[in-house]
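*Asks:* Here's my sequence, what's the structure:
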Amino acid sequence: MLGWWFVVTAPVGEEGEDVVLAKWETGLHGRDWIDGLVAAGRARQVRFDGYPCRYTARADEVLPLLVDGSVPGAGQRHEEVHPERIAACPGDAPLTVDAWDQS
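*Replies:* Now for the predicted structure:
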């Protein structure tokens, strides 16, 4: 399948492990939403090679899009979304968004 596997994580803190907020599979243009945030200056791409493409953004930029269904693929195929973790995540938390190339 041509597309992307997304994993969104937030730092937990003292234990040093990240907590997974959401995972999902999407199609070929599935990165458009996060690339749009980068273009608007609301996210930053820090890795470009697809294994993974890595982005950073504040939770208040990413999580509302997951909750309201704006992100293609989230809530569809092979999806794992944790509403309780999303609700507990502070808006200023730094998130990591990994997009793994599935081609």
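*Asks:* pLDDT-wise, which helix or strand of this protein ranks last?
*Replies:* Of all the helices and strands that make up the chain, strand 80-81 has the lowest average by mean pLDDT, DSSP states H and E, namely a mean of 88.
*Asks:* Following element in sequence after that one, please.
*Replies:* Later in the chain than strand 80-81, the nearest helix or strand by DSSP states H and E is helix 83-88.
*Asks:* just for this structure, where's the confidence low?
*Replies:* Across the chain, the ranges flagged by pLDDT under 70 are 1, 13-14, 74-77.
*Asks:* Please, where are all the helices along it?
*Replies:* For the chain, the helices defined by DSSP state H cover 32-39, 59-67, 83-88.
*Asks:* still on that earlier bit, partner strands of the least confident helix or strand of the chain, with direction?
*Replies:* Paired with strand 80-81 in the same sheet, following DSSP bridges, are strand 18-26 (antiparallel).
*Asks:* how much does the partner strand deviate in direction from helix 32-39?
*Replies:* Using axes from the mean of the first three to the mean of the last three Cα atoms, to 10 degrees, the inter-axis angle of strand 18-26 relative to helix 32-39 is 120 degrees.
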